[in-house]
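Asker: When you get a sec, could you give me coordinates for this:
(2 chains)
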Amino acid sequence: MIEVKNLTKIYNRGKFNETAAVVDVSLKVKDKSIVALTGPSGCGKTTILSMIGLILTPTSGEILYDGENVLLASDFWRTIYRRQNFGFIFQHINLLPQYTTLENILIPLYSSDIEPWDYEGKAREWLAKLGIADRAEHLVEQLSGGEQQRAAFVRALIKEPKYIFADEPTVFVDEETSRIIYNVFSSLRDSGKTVLLSTHDPELMKIADDTYRFCKGRLV
Amino acid sequence: MIHMIKKHKNLLNYSFDCIKRYRMRTAVILITFLVATTMISAVLFTKDGLEREAELSVEAAPDLTLQYLKGGRIELIPYSYADVVSDIPGVEKVLKRTWGYAGVGQYTFVVVGLDPEGLGYSRGVITSLEEGRFLTPEDEGTGNIVIGKLLAYMLNVRVGDDIILLSESVEVNKFHVVGVFSDASSIYTADMIVMSLSDADSFFSMPEGYCTDLCVYVSPAEDPVSVASKMNSIPNLRVLDQDLLLRGYKAAYGARGGIFTTLWTILLVAIVLIAFSQAIVVGHESQFEVGLLKTFGFSTLDIIEVRLVESLVLGFFATSLGMLLGFSYAAFFNAPGLVDILLGWAYLPREFRLPVYASLQSIFSIYAVTVIPLLITTVVPAWLNAITDPELAMRRAAA
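Answerer: Alright, predicted model coming up:
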């Protein structure tokens, strides 16, 4: 379980442009569930998601994974924890344009001791499931927005992480891709994964087990 | 252990992939390095060649060279000094030498007259001949000469030919070529005409009983410096040992010609170019990539390793290629555009070939001044990005 206690993020602290992006947020994410963070743009959803995903350091507060406050651990330990347990899907997709779809999917594996290309079959299976098997060898720039988002999904799932963090996964995709994404999230939960996502999408919120609504950085 | 090796293999593969995939980044580094190292190499290898020339020149020089000073200026030295110096313990032989410059057409060449009593003491490049023979005591006053290869080429003469030189007193002097120096030395013997002492005295209209300087050879068991120190008490005498000559030659061949100014300017330009290319051209792309990799679980050390390998491979490849081009530019094409700055001598003819030599020290220096700045300008920003929160690194790159 993920437990967040009094999480606060203040940008440019002590400067004239100080901004409190997230203030005193506490929430719980049960294992094997889908949790949605929602609210208007700029309410701090992405910031909370990033902090829980350990890619942004909070100003104060605690983040507990299975009871352990991971913020007390070193950056190296958090990196390893991320490598072993997390998969990220970004709002802006963030595929590397110099690589093909398949290569992008395998990049996260290069930081481990496994042979990335041993996962080629698995990647192709996922690409087939998401309907873009024929795009495996295409460069990212040759893919549509929806195809890129599906490729980003496969990249997040290739290591079969325990936790999946998805930031507005349906915001730039068409209805068909959105439906595929709902199904993937549901099946991930059914297979024991925990999904934490930020979204405006009411359909996506429908499949969530819990929904947290934010406004101006605070839980409402 | 196996796991570590596998992981490093993956990181290595990723580094090589980066070189292939990030064509802009690779091209910027390659082009910057090629330009910088080609220029640096051409200058440094020429400097090496010139220093080697200086060493060759000194090897051919006597142990001590004595000059006469009058009012602090160098003047002709009386023969009587040879007798005084000969009595100093440790001195094996004192030879008279007369030298000066002569014009042939628009060019100026060095004329050296050697003492017939000491031709056997000649050593180094001065004894290295490509054609013909060196002077013997029998050549005294005969007009026989040995000339430099460049001079022979310029005047289109060979052994057995005669050449005409205008003397000090504007009289026509005919000389007979009996030998041509080899190109073991590009500068020292290139423009040299060696003749007997009496021929040189006559050519330069030297006053009776005087020569230009005295060449002192010390006994093999003696230290030339300590022998030189015994000459300190002789009035109006300037003693030059080989170290002093070497410094003088190096200054003449190198620093005065603008070598060092050119070299440091090029180095500065190279380092600025490298820093610029890294910071401006590839900065954002690299920052975003580092943030993303960190998100995937690449540790700070992993990222440093990736960038280090990438920079080392690119740096060494580009620098080595640049050195090869720089060497070819200087050695085979005579460094067009640079040769005048490098040498700075007005009297060297166009046909003169730059002495080019790649010393190990220069090769290491070039790697050091190019690869190390590249490592710093790639690894340090990568490290700074890697210790930044990945989310912030990606946002900043996208901004």
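Asker: Please count neighbours and contacts with C-alpha atoms only from this point.
Answerer: Will do.
Asker: Check the spacing between A:Val4 and A:Asn69 real quick.
Answerer: A:Val4 is 9 Å from A:Asn69, where distance means C-alpha to C-alpha, to the nearest Å.
Asker: higher neighbour count, these two?
Answerer: A:Val4 (21 against 16; other C-alpha atoms under 10 Å in any protein chain shown).
Asker: helices or strands up against the host helix or strand of the more buried one?
Answerer: For A:Val4, the element it lies in under DSSP states H and E is strand A:2-11. Using 3 or more C-alpha pairs under 8 Å, 6 or more residues apart in numbering or on different chains; DSSP states H and E as the contact criterion, the neighbours of strand A:2-11 among helices and strands are strand A:19-29, strand A:60-65.
Asker: List the strands paired with that strand, with their directions.
Answerer: Partners of strand A:2-11 in the sheet, by DSSP bridges, are strand A:19-29 (antiparallel), strand A:60-65 (antiparallel).
Asker: Kindly reformat the ones you listed as TSV containing mean neighbour count.
Answerer: As requested, the strands paired with strand A:2-11 are exported to TSV (neighbours: other C-alpha atoms under 10 Å in any protein chain shown):
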stretch	mean neighbour count
strand A:19-29	18
strand A:60-65	18
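Asker: Determine the longest helix present in chain A.
Answerer: For chain A, the longest helix by residue count, based on DSSP state H, is helix A:175-190.
Asker: what helices or strands is that one leaning on?
Answerer: Helices and strands in packing contact with helix A:175-190 are listed as strand A:34-38, helix A:145-157, strand A:194-198; criterion 3+ C-alpha pairs under 8 Å, 6+ apart.
Asker: Tell me which helix or strand comes right after the first one.
Answerer: By that I understand strand A:34-38. Proceeding C-terminally, strand A:34-38 gives way to helix A:45-52 as the next helix or strand, assigned by DSSP H and E.
Asker: and if you look at the longest one?
Answerer: If you walk from helix A:145-157 toward the C-terminus, the next helix or strand you reach (DSSP H and E) is strand A:163-167.
Asker: Name the residues of chain A found near chain B, please.
Answerer: Taking C-alpha under 8 Å from any C-alpha of the partner chain as the contact definition, chain A meets chain B at A:50, A:55-57, A:76, A:79-84, A:86-88, A:94, A:96, A:98-99, A:108, A:110-116.
Asker: which of these are buried?
Answerer: Under a neighbour-count criterion of 16 or more other C-alpha atoms under 10 Å in any protein chain shown, the subset of the residues of chain A next to chain B counted as buried comprises A:50, A:55-57, A:79-80, A:82-84, A:86-88, A:94, A:96, A:98-99, A:108, A:110-113, A:116.
Asker: Against B:Met192, how distant is the most centrally placed residue in chain A?
Answerer: Among the residues of chain A, the one closest to the centroid is A:Phe165, at 2.1 Å (C-alpha atoms, centre = their mean). Noted for A:Phe165: a distance of 82 Å to B:Met192, by C-alpha to C-alpha.
Asker: ok so, going back, any idea of the angle the strand holding A:Val4 forms with strand A:163-167?
Answerer: Orientation of strand A:2-11 against strand A:163-167 (axes from the mean of the first three to the mean of the last three C-alpha atoms, to 10 degrees) gives an angle of 40 degrees.
Asker: Can you list which of the residues of chain A next to chain B are found in strands?
Answerer: Judged by DSSP state E, strands contain the following of these: A:Phe86, A:Gly87, A:Phe88.
Asker: what's near enough to touch the closest residue to A:Ser186 other than its chain neighbours?
Answerer: Leaving aside its sequence neighbours, A:Ser186 sits nearest to A:Ile207 (C-alpha to C-alpha, 6 or more residues apart in numbering or on different chains; 7.1 Å). A:Ile207 is in contact with A:Ile34, A:Tyr182, A:Ser186, counting by C-alpha atoms under 8 Å, 6 or more residues apart in numbering or on different chains.
Asker: my read: the second one touches A:Pro202, true?
Answerer: No: contact status for A:Tyr182 versus A:Pro202: not in contact, 11.2 Å apart, counting by C-alpha atoms under 8 Å.
Asker: And those two? Which one has more around it.
Answerer: A direct count of neighbours by other C-alpha under 10 Å for A:Tyr182 and A:Pro202 places A:Tyr182 higher, at 19 against 10.
Asker: Can you tell me the element the residue lying closest to that one once chain neighbours are set aside falls in?
Answerer: Spatial nearest neighbour of A:Tyr182, chain neighbours left out: A:Leu204 (6.3 Å); criterion: C-alpha to C-alpha, 6+ apart. Using DSSP H and E, the element containing A:Leu204 is helix A:202-206.
Asker: Okay, buried residues for that helix please.
Answerer: Of the residues in helix A:202-206, those buried under the neighbour-count criterion (16+ other C-alpha under 10 Å) are A:Leu204, A:Met205.
Asker: And stretch B:144-153, by the same measure?
Answerer: Along stretch B:144-153, the positions that meet the burial threshold by neighbour count (16+ other C-alpha under 10 Å) are B:Asn144, B:Ile145, B:Val146, B:Ile147, B:Gly148, B:Lys149, B:Leu150, B:Leu151, B:Ala152.
Asker: the strands in the stretch 151-300 of chain B, which residues?
Answerer: Taking DSSP state E, counting those that start in this stretch as the criterion, the stretch 151-300 of chain B carries its strands at B:162-166, B:172-181, B:192-196, B:210-211, B:213-218, B:237-241.
Asker: Report the buried residues of the second one.
Answerer: This means strand B:172-181. Neighbour-count burial for strand B:172-181 flags B:Phe175, B:His176, B:Val177, B:Val178, B:Gly179, B:Val180, B:Phe181 (criterion: 16+ other C-alpha under 10 Å).
Asker: got a list of what the first one touches?
Answerer: I take that to be B:Phe175. If a contact means C-alpha under 8 Å, 6+ apart, then B:Phe175 has B:Gly143, B:Asn144, B:Ile145, B:Asp162, B:Ile163, B:Ile164, B:Leu165 as its contacts.
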